[in-house]
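[1] predicted model and sequence below, questions to follow.
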Amino acid sequence: MTRVVGLISGTSVDGIDAALVDISGKDLDIKIQLVAGATYPYPNDLRERILDVCAGATLSMLELAELDDAIAFAFAQAAQNIQLGHEKASLIGSHGQTVYHRPPKGGERGLGEDKGKKTPPYFLGYSLQLGRGSVIANVTGVTTVSNFRVADIAAGGHGAPLVPRVDAALLSHPDEARCIQNIGGIGNVTYIPSRQKNWLSEISAWDTGPGNSLLDLAVYHLSGGTKTYDEDGNWAASGTPCYPLVEEWLSHEYFHLPPPKSTGRELFGVSYFEQCLKDAEAYQLTPADLLATLTELTAASIVHSYQTFLPQVPQQVLLCGGGSRNLYLKRRLQSLLGSTSVLTTDEVGLCANFKEAIAFAVLAYWRMLDAPGNLPSATGACQEVVLGEIIIGNG
Ligand SMILES: Nc1ncnc2c1ncn2[C@@H]1O[C@H](COP(=O)(O)OP(=O)(O)OP(=O)(O)O)[C@@H](O)[C@H]1O
Ligand SMILES: CC(=O)N[C@H]1[C@@H]2OC[C@@H](O2)[C@@H](O)[C@@H]1O[C@H](C)C(=O)O
């Protein structure tokens, strides 16, 4: 058994999710036990700087270095805090903070016709996570794995989503197919067929589009900066969705691209939200109606992608990520999915709030065993690869 800290701050940029996890077994046959989980909010000024950079603000090299330092020390602090009062971990897996994500060329479709081509010129993806592992290892003294996305990208993949292989290990079922739907800033799904012959190669996964990113921007805007998210979806629930606007927004080309595909705040961030506000002017929506309409876009884009890209919509959808606590969004998903049950991963024993942090603990564990961490069907990479760079701790 190995005790591992998993760390991530996602596209909501709300803070660092940390999980302290005991892991045993190997490859897909692993067992995990969550010992502790916590979210450590970023200081406001750091969060605002990160959001500005994600929205395209330019940075000098000095500012980039300072931002990387601030994030790395915040992650190192989170790694220390989550271990307080517990037996210490011997490994840390740190995703870091994504500040830029560019899918590989060929639309968002991976390398398309160039797939598997080994020589340039081709246009690889690029994904930048700040909060370098060397600082975390140095501050904590614990061996740290970080920079998980680059190996998949070098193999022609998107470098995202990376959690699907962990979903396969922890959430597959012998007889039932499932969708695991993360609703963070961006949404992403892993479709896992029942665990029968060839099941691994039949998994598919992709970023579904906006999760909470547009909702959070709308709440901030509509509340004059006094709120950052729609708690339990109560504000949206008091409004009515404007369906013509949802239809118009669903025509965005991202929703029609076949997987593998990935996205980020570059697409579904501030500029997209500002366009939504302009589009909504013609309908004279109340703040509650606008939020209901954006919530409907999140729900409808998720369900539309299942109906378009899956062999069949499974009987169970398991939600995770902060959006799984948005009760109005959950109700809208349930209504659009009809007879499919919409549950959370908590209901099958995996903590919905800390699943991504747990996943990066597992990815670090696999790295130390030289086991692959990506799923080519999810990322579009030409092969399975071992993910992450190891910095040995001195403690
Ligand atoms: N009680 C709640 N009601 C409604 N929404 C909530 C609630 N709690 C959290 N959220 C939403 O969840 C978001 C955070 O989710 P999460 O931490 O899963 O995102 P993330 O990990 O940053 O994103 P990603 O998965 O894209 O990397 C918040 O910004 C908020 O919008
Ligand atoms: C580049 C990047 O950070 N992508 C995130 C983001 O947040 C959700 C979705 O978009 C997913 O593709 C990914 O994160 C999770 C942890 C993943 O790699 O599976």
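    Arrived safely. Ligands and ions are numbered 1, 2, ... in the order given.

[2] please make it C-alpha for all contacts and neighbour counts, starting now.
    Will do.

[3] ligand 1 contacts on the chain?
    By CA under 6 Å from any ligand atom, the residues of the chain that approach ligand 1 are 9-14, 183-187, 212, 216, 229-233, 321-323, 325-326.

[4] quick one: stretch 268-275 near ligand 2?
    No - judged by CA under 6 Å from any ligand atom, stretch 268-275 stays clear of ligand 2, getting no closer than 10.5 Å.

[5] buried sites along that stretch?
    Buried residues in stretch 268-275, counted by 16 or more other CA atoms under 10 Å: Phe268, Gly269, Val270, Phe273.

[6] for stretch 300-311, same thing?
    Of the residues in stretch 300-311, Ala300, Ser301, Ile302, Val303, His304, Ser305, Tyr306, Phe309 count as buried by neighbour count, 16+ other CA under 10 Å.

[7] ligand 2: which of the residues you listed is nearest?
    Within those, distances to ligand 2 taken as CA to the nearest ligand atom reach their minimum at Ile302, with 12.9 Å.

[8] which residue, neighbours along the chain excluded, lies closest to that closest one?
    Among residues not flanking Ile302 along the chain, Thr208 sits closest, at 5.6 Å (CA to CA, 6 or more residues apart in numbering).

[9] helix, strand, or coil at that neighbour?
    Put simply, Thr208 is strand when judged by DSSP: H, G, I helix; E, B strand; the rest coil.

[10] need the contact list for it.
    Applying CA atoms under 8 Å, 6 or more residues apart in numbering, we find Thr208 in contact with Ile186, Gly187, Asn188, Val189, Phe255, Ser262, Ser301, Ile302, Ser305.

[11] the buried residues of stretch 300-311 in helices, which ones?
    When DSSP state H defines the helices, the subset of those inside them is Ala300, Ser301, Ile302, Val303, His304, Ser305, Tyr306, Phe309.

[12] let me know the closest of those residues to ligand 1.
    Nearest to ligand 1 among these is Ile302, at 13.8 Å by CA to the nearest ligand atom.

[13] per-residue confidence for the closest one?
    Ile302 carries a pLDDT score of 98 in this model.

[14] that one and Leu294, how far apart?
    To Leu294, Ile302 is 13 Å away according to CA to CA, to the nearest Å.

[15] quick one, helices of the stretch 201-350 of the chain?
    Applying DSSP state H, counting those that start in this stretch to the stretch 201-350 of the chain gives helices spanning 213-222, 234-237, 243-250, 253-256, 270-281, 287-309, 327-337.

[16] adding distance to Arg165, write those helices out as TSV.
    TSV is the format used below for the helices of the stretch 201-350 of the chain (distance: least, CA to CA, whole Å):
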stretch	distance to Arg165
helix 213-222	24
helix 234-237	34
helix 243-250	29
helix 253-256	23
helix 270-281	30
helix 287-309	19
helix 327-337	24
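
[17] which one of these lies nearest to Pro372?
    Evaluated with CA to CA, those place helix 287-309 nearest to Pro372, the distance being 25.5 Å.

[18] give the helix, strand or coil label for Glu66.
    Recorded secondary structure, Glu66: helix (three-state DSSP).

[19] still on that earlier bit, please flag which of the residues of the chain next to ligand 1 sit within strands.
    Counting by DSSP state E, the part of the residues of the chain next to ligand 1 found in strands is Ser9, Ile183, Ile186, Gly187.

[20] so which of those wins on neighbours?
    Ile183 (30 neighbours; other CA atoms under 10 Å).

[21] how close does that residue sit to Thr190?
    Ile183 is 12 Å from Thr190, by CA to CA.

[22] residues from the stretch 51-200 of the chain in reach of ligand 2?
    So far as CA under 6 Å from any ligand atom goes, the stretch 51-200 of the chain lies against ligand 2 at Thr98, His101, Ser127, Ala160, Pro161, Leu162, Val163, Gly184, Ile186, Gly187, Asn188.

[23] can you lay out those as TSV showing pLDDT?
    Output for these, formatted as TSV (pLDDT from 0 to 100):
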residue	pLDDT
Thr98	98
His101	96
Ser127	97
Ala160	98
Pro161	98
Leu162	98
Val163	98
Gly184	97
Ile186	98
Gly187	98
Asn188	98
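
[24] all strands of the protein, in order?
    Applying DSSP E to the chain gives strands spanning 2-9, 15-26, 29-41, 91-102, 126-130, 144-146, 178-183, 186-192, 204-210, 316-320, 341-344, 389-391.

[25] check Pro105 and give its pLDDT.
    Rather than Pro, residue 105 is Lys. 85.

[26] for the nearest residue to Ser271 once chain neighbours are set aside, give me phi and psi.
    Once flanking residues are discounted, Ser271 sits nearest to Ala55: 7.9 Å by CA to CA, 6+ apart. Backbone geometry at Ala55, expressed as degrees, to the nearest 10, gives phi -90, psi 0.

[27] count of neighbours near Ala55?
    Counted by other CA under 10 Å, the residues lying close to Ala55 total 18.

[28] run a quick neighbour tally on the nearest residue to Phe268 once chain neighbours are set aside.
    Closest residue to Phe268 apart from its sequence neighbours, by CA to CA, 6+ apart: Pro210 at 5.9 Å. Neighbourhood size, Pro210 [other CA under 10 Å]: 27.

[29] measure Pro210 to Lys105 for me?
    Pro210 is 21 Å from Lys105, by CA to CA.

[30] shouldn't the residue nearest to Ser271 be in contact with Leu267?
    No - distance between Ala55 and Leu267: 9.6 Å, which falls outside the contact criterion (CA atoms under 8 Å).

[31] now the end-to-end length of stretch 246-256.
    Distance between the two ends of stretch 246-256: 15 Å, counting by CA to CA.

[32] and Ala76, what is it in contact with?
    Contact analysis of Ala76 by CA under 8 Å, 6+ apart lists Val135, Ile136, Ala137, Val139, Thr140.

[33] repeat that for Gly141.
    Here Gly141 is in contact with Gly393, Asn394, Gly395 (CA under 8 Å, 6+ apart).

[34] all set, thanks.
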